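# When you get a sec, could you give me coordinates for this:
(4 chains)
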Protein chains: 4
Amino acid sequence: MSGLDRSGDAQVAIFGAGRIGKIHAGNLVRQPGVRLKYVVDPDAAAAQALAAQHGAGVGTVDGVFADAAVRAVVIASSTDTHADLIERAAHANKSIFCEKPVDLSYDRALRCAKVVREARVPCLIGFQRRYDPTFSALHARIAAGEIGEPEMLVVTSRDPGTPPLEYLKRSGGIFKDMLIHDFDVFRWILDDEAATVYATGSCLTDPNVASVGDVDATAVTIRTRKGRLAQINTIRRAAYGYDQRFEVIGPKGMLQAGNHRPTEVVASTAQSVSADLPEHFFLERYRMAYAIEMAHFFETIAKGGTMKTGIDDGVKALALAEAATVSWREQRIVEL
Amino acid sequence: MSGLDRSGDAQVAIFGAGRIGKIHAGNLVRQPGVRLKYVVDPDAAAAQALAAQHGAGVGTVDGVFADAAVRAVVIASSTDTHADLIERAAHANKSIFCEKPVDLSYDRALRCAKVVREARVPCLIGFQRRYDPTFSALHARIAAGEIGEPEMLVVTSRDPGTPPLEYLKRSGGIFKDMLIHDFDVFRWILDDEAATVYATGSCLTDPNVASVGDVDATAVTIRTRKGRLAQINTIRRAAYGYDQRFEVIGPKGMLQAGNHRPTEVVASTAQSVSADLPEHFFLERYRMAYAIEMAHFFETIAKGGTMKTGIDDGVKALALAEAATVSWREQRIVEL
Amino acid sequence: MSGLDRSGDAQVAIFGAGRIGKIHAGNLVRQPGVRLKYVVDPDAAAAQALAAQHGAGVGTVDGVFADAAVRAVVIASSTDTHADLIERAAHANKSIFCEKPVDLSYDRALRCAKVVREARVPCLIGFQRRYDPTFSALHARIAAGEIGEPEMLVVTSRDPGTPPLEYLKRSGGIFKDMLIHDFDVFRWILDDEAATVYATGSCLTDPNVASVGDVDATAVTIRTRKGRLAQINTIRRAAYGYDQRFEVIGPKGMLQAGNHRPTEVVASTAQSVSADLPEHFFLERYRMAYAIEMAHFFETIAKGGTMKTGIDDGVKALALAEAATVSWREQRIVEL
Amino acid sequence: MSGLDRSGDAQVAIFGAGRIGKIHAGNLVRQPGVRLKYVVDPDAAAAQALAAQHGAGVGTVDGVFADAAVRAVVIASSTDTHADLIERAAHANKSIFCEKPVDLSYDRALRCAKVVREARVPCLIGFQRRYDPTFSALHARIAAGEIGEPEMLVVTSRDPGTPPLEYLKRSGGIFKDMLIHDFDVFRWILDDEAATVYATGSCLTDPNVASVGDVDATAVTIRTRKGRLAQINTIRRAAYGYDQRFEVIGPKGMLQAGNHRPTEVVASTAQSVSADLPEHFFLERYRMAYAIEMAHFFETIAKGGTMKTGIDDGVKALALAEAATVSWREQRIVEL
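So this is what the prediction gives:
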């Protein structure tokens, strides 16, 4: 991004002052040479509070895109605004950091990606797991040949609780809302693309989930073009918290990514030997990942190079989520 | 079995003096009130050696069934002899301990089960995992309600090495040879039956496996009648040894069965913190399970009651193996 | 501290721009309402670099104490300057954050503590382990009665490498340099004081350590006034890194504090099942502890109350270090 | 032992039909070529029951030593009979397997060892921990140089409950009763002898223990002739069971021996992630060790060679126990 190599700080706007917007804003202001100029949110009070915390101003969508001094935008607003904001940012030649997903519609995401490519603006899609210290160390060890070429992948992805129905209604369904991260992990770890997808699901945690046409537990199998096998198991409610593990088999062994714990205290009592539950949810578990992701965004803009998680990754994960949704609904194996 | 409550030891014959036959013979002679009378094996030297070790004689198939003093038989011979020997034992009113599988043909197994039922002889099929201390403790804790009703099951089942092609040719394929244990675990742990099975597989460890019409890695998904979900991942060659784990999710938490290690030594060096590999293969891993299984067999005969792993369990696991084989071959979801 | 409740940020000076000074400066500038005004270091370039990084100026000792706007000082300079700077800060009515130890001389430390008490200035001594998430969670669980009254304590404290002889010469010896943290942990966890101390030591990692009159491995036993028992084992060089564990026994069980790992990757190969080495050294291991410690310092100043690690804790840990030194040198049990 | 290479089984007598006698008898009868001929116990019913279980007869002390066909004796009777029975067995030229300790008096044990040496009979003292799979694997890995020469040892040795006072009165005190095993482990692992011993202790679990002149918790430090350091911490009552761990530091790393668990089930609930308690007490924890120990005894007799735990090991562990008792009682460092 041309703006960053000029004298003075890179000025940035953030869309969305909610839970994830606050995380990104906090990480953003710690980047050297970066200044948060605008916070934009339909909720004026939220925008004002976040802006005040970081010495920024409250902005508007139009204002941000009209301000040539703004070099980059962080899109952390509601999903239905992502594609429009990405396209406007691309047209305005601003670097783009956008939370997943690009859109709930695969076609819309595809068009959006085309705009980004044509505008040649840097664009990062927020698959933060790729930046997690544990996950990225595992990936690096695969790349270094520790277990040979990966052959099989088993992903465990469980949330600590089923979200409210209102959330689920607008979520695009479990495959686009929750498994999209796992689909991205699958592509990243196996470095391969899906040939077939089989997905099944059930309402196991809350019968009301069915009433909005969704499921809360899934079992997905992907066969890749190279004949490798991946299984993903997910559930919306794990009583013990956020369970984010995966394991990869290769000819020379296995690498496993385990959960992180808040502390390393172990208690031995008359009942059991017990350790902490996993870190509670994504904000805790991926705290480091979000910080590293934001640093990667600005470093890549400054030094050039490719974003580790580009808009094409967003589109391809969405393609898998759509295929899985079809597989589940139509009870058939889907070819890609 | 009437014979066991008479004065004197129960006399038993064993068919098969190979690897697993030796294990069973060793456990058999430790049962109080039980005496090994005959060892039968086409390999005369093997039969002789095992008989000598335990103070038994070498017998013949006909001799065993003609000897009214023989109250029970242990069938540890090659798979293609199982169904015939079971039926002959049933007709001769002898209690039956038979290694899995009942037969490679589901229809043949079904007929065999009918004979056993009509003869009303005690019959145990050797799904030894149900007797393993770790697995059976986990099962008991589910039954005690520790995690509520089980909802999801993930089974990891990996062998330390791909067997010779000659073995594979006669094995019935990976689903009947290897996963049949996992299918039994699935039925036992979820206490439910399969509604649909989806299986896919690949040759990942040895391209020659394809030449005998088999695969060496599989990913199976079972949806149960109650809507629960199970995933099984298997591979014939795990560089780190025999990997036999499963985890069960319920509304109140998760229970995991982990691998056993030969020792509890942990080494911390400049490279890593490392523990033992899992116990190498099934003879080591299930050593206790085989002993407990044999004790259960004779205790159940003596006290009456139902064998934990009866011939119907053998038939039902085989039905799943056949369904999985069809699903893999025909690339479709199979309904049961 | 009166200065903090006025309008404007609290202005702070830091003495020492070395390794630990940089850590403290980084944490300091993240505290809300706190501004780093001066960096003071005999190494002008180091002072300048650290000051520039945080938008501060380079100061002098006299300048800092003459500037009434400076409300607090962070003392991270060499050990021989601690007591003087603490006393000057106390006389100048500035809040004090000082790295351990107060001084290498127990008598000097005692006089220093008297000055602080009389000046009634807030003073925190940097026993950062008390702020570590794992250690403080364990402490809280003891306080909550999870294992009953603590009875025994075993502390493992090992460094990743023996420091240069030049460092050791000025360190005050292993008991004052390294075990002083463990003595503080002992007092904090058992909430009791030593009745007798027995210490022995050896040169096990480097014979040159003996040439400067020190040892590099120690075994210490403390008997408390209430009859509780504590053992501390230390060594300057653990090939696998920084090993900081302790365990506490009470009538209802045991609590253990384990090492932290950089990632949760586990590798299973043909050789072993291995996990990461512990975080390498104190800067990594106690990164969170240092941040929480600094936040505690400014929060306690702002809200009033007692510093968790006051100057008396510094004096008492030093008394134990002196007793242990005497015990080791004179080969006798020392009563306190 | 000359008797074992003759035709026919080696005939053996066991003294003591209590808890440990039963264990030894069960292992004894599984040795090939070994026959239990006599069980001797002042409790006639106990002797009769154990004899009947294994097809042996009930004998008397005099009868055993008068029977030339008896080639070996297993001494599992009360401690105060050990030395006499060892000497009588030595005079009668019978191989000796004797539970620890040789005697509660060091002088008596010394005289007893002299008799054994002069008689040149094989003699094994039952320090079963040396035969434990985990402990012996660790020892072998030290011998193989995995961590270099061992420098420090930390032993944790905790019982699941304080025994009755009647037991304690006759036990010889905690150092001879409980720590004698740890002293043997110390000598075995460090392959070195004590130069000084410091021991302190407290009554932490039951004040009545003091009334019989004993303690129930100890902290022991041993400095070896080569300058190595060992610490042992013990307590009679660990709420979570039998805790038997040790760790060894060398220049290239650390080896730790951990507890064994009955199963490898891990439960994750809303409260914690928990594993099994350690195996409950020594009969469970050292079940394998006792079996391997007995096999070693008869193999060494048959093949010749040195018992891994000879009578000198019994004497030297006792010397350490006496030194520790003196150190605790007189509150001083004891030189050996």
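# Phi first, then psi, for A:Leu138.
In terms of degrees, to the nearest 10, the main-chain angles of A:Leu138 are phi -60, psi -50.
# For the stretch 201-336 of chain A, which segments count as strands?
When secondary structure is read from DSSP state E, counting those that start in this stretch, the stretch 201-336 of chain A shows strands at A:217-224, A:229-235, A:243-250, A:253-257, A:265-269, A:273-275, A:334-335.
# ok, which residues in chain A are in contact with chain C?
Chain A comes close to chain C at residues A:133-134, A:137-138, A:141, A:146-147, A:252-260, A:262-270, as judged by C-beta under 8 Å from any C-beta of the partner chain. To be clear about C-beta, it is placed using only N, CA and C from the backbone, and glycine gets the same treatment.
# try 6 Å this time
By C-beta under 6 Å from any C-beta of the partner chain, the residues of chain A that approach chain C are A:133-134, A:137-138, A:253-258, A:260, A:263-269.
# out of the residues you listed, who's near chain D?
With C-beta under 6 Å from any C-beta as the criterion, the residues of chain A next to chain C include A:Ser268, A:Thr269 near chain D.
# TSV for the strands of the stretch 201-336 of chain A, including mean pLDDT, mean neighbour count and distance to B:Gly57?
Compiled in TSV, the strands of the stretch 201-336 of chain A are given as follows (pLDDT from 0 to 100; neighbours: other C-beta atoms under 10 Å in any protein chain shown; distance: least, C-beta to C-beta, whole Å):
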stretch	mean pLDDT	mean neighbour count	distance to B:Gly57
strand A:217-224	98	26	52
strand A:229-235	98	26	50
strand A:243-250	98	23	47
strand A:253-257	98	23	47
strand A:265-269	98	22	53
strand A:273-275	98	21	50
strand A:334-335	98	14	61
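# Distance check, the closest residue to A:Val265 other than its chain neighbours against chain D.
Closest residue in space to A:Val265, ignoring its immediate chain neighbours: C:Leu138 at 4.9 Å, by C-beta to C-beta, 6 or more residues apart in numbering or on different chains. Counting by C-beta to the nearest C-beta, to the nearest Å, the separation of C:Leu138 from chain D is 14 Å.
# Would you check that C:Leu138 makes contact with A:Glu264?
No. C:Leu138 lies out of contact with A:Glu264 (C-beta atoms under 6 Å); the separation is 9.2 Å.
# related to what we said a few turns ago, want to try JSON lines for the strands of the stretch 201-336 of chain A, with distance to C:Met307 as columns?
Below are the strands of the stretch 201-336 of chain A laid out as JSON lines (distance: least, C-beta to C-beta, whole Å):
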{"stretch": "strand A:217-224", "distance to C:Met307": "50"}
{"stretch": "strand A:229-235", "distance to C:Met307": "46"}
{"stretch": "strand A:243-250", "distance to C:Met307": "38"}
{"stretch": "strand A:253-257", "distance to C:Met307": "40"}
{"stretch": "strand A:265-269", "distance to C:Met307": "24"}
{"stretch": "strand A:273-275", "distance to C:Met307": "31"}
{"stretch": "strand A:334-335", "distance to C:Met307": "63"}
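# Indicate which one of the ones you listed is closest to D:Leu190.
Of all these, strand A:265-269 sits nearest to D:Leu190, with 27.1 Å by C-beta to C-beta.
# what are the pairing partners of the closest one, and which direction each?
Here strand A:265-269 has these sheet partners by DSSP bridges: strand A:273-275 (antiparallel), strand C:253-257 (antiparallel).
# Can you list the buried residues in the helix or strand containing A:Asp80?
Using DSSP states H and E, A:Asp80 falls within helix A:79-91. For helix A:79-91, the neighbour count (16 or more other C-beta atoms under 10 Å in any protein chain shown) marks A:Thr79, A:Thr81, A:His82, A:Ala83, A:Leu85, A:Ile86, A:Glu87, A:Arg88, A:Ala89, A:Ala90 as buried.
# quick one: is the helix or strand where A:Val154 lies near chain B?
Assessed by DSSP H and E, A:Val154 sits inside strand A:152-158. Yes. Using C-beta under 6 Å from any C-beta, strand A:152-158 reaches chain B at A:Val154.
# Quick check, the residue in the stretch 51-200 of chain A closest to chain B?
Of all residues in the stretch 51-200 of chain A, A:Glu151 sits closest to chain B, with a separation of 4.5 Å (C-beta to the nearest C-beta).
# from what I can see that residue touches B:Leu204, true?
Yes. A:Glu151 is within contact range of B:Leu204, at 4.5 Å (criterion: C-beta under 6 Å).
# if we can go back for a sec, so who does the residue nearest to A:Val265 touch?
A:Val265, C:Leu255, C:Ala257 (C-beta atoms under 6 Å, 6 or more residues apart in numbering or on different chains).
# show me where the stretch 151-300 of chain A has helices.
Listed in chain order, the helices of the stretch 151-300 of chain A (DSSP state H, counting those that start in this stretch) span A:165-169, A:174-177, A:179-190, A:208-211, A:282-285, A:287-303.
# Does anything pack onto the third one? Which helices or strands?
Contacts of helix A:179-190 with other secondary structure elements, assessed using 3 or more C-beta pairs under 6 Å, 6 or more residues apart in numbering or on different chains; DSSP states H and E, are made with strand A:152-158, strand A:229-235, helix A:311-330.
# One more pass at 8 Å, please.
With contacts defined as 3 or more C-beta pairs under 8 Å, 6 or more residues apart in numbering or on different chains; DSSP states H and E, the packing partners of helix A:179-190 are helix A:133-143, strand A:152-158, strand A:217-224, strand A:229-235, strand A:243-250, helix A:311-330.
# which residues touch it?
A:100-101, A:127, A:129-130, A:135, A:138-139, A:142, A:150, A:153, A:155, A:157, A:193-194, A:218, A:220, A:222, A:224, A:228, A:230, A:232, A:234, A:246, A:248, A:309, A:313, A:316-318, A:320-321, A:324 (C-beta atoms under 8 Å, 6 or more residues apart in numbering or on different chains).
# how much space between the residue nearest to A:Val265 and A:Lys226?
Between C:Leu138 and A:Lys226 the computed distance is 48 Å (C-beta to C-beta, to the nearest Å).
# for A:Ala239, same thing?
Taking C-beta to C-beta as the measure, A:Ala239 falls 37 Å from A:Lys226.
# what do you get for A:Arg117?
A:Arg117 sits 26 Å away from A:Lys226, going by C-beta to C-beta.
# sorry, back to before: give me the phi and psi for the residue of the stretch 51-200 of chain A closest to chain B.
When read as degrees, to the nearest 10, the backbone of A:Glu151 gives phi -120, psi -40.
# Need the residue closest to the centroid of chain A.
Geometric centre of chain A, nearest residue: A:Phe127, 2.9 Å, by C-alpha atoms, centre = their mean.
# Nice, that's everything, thank you.
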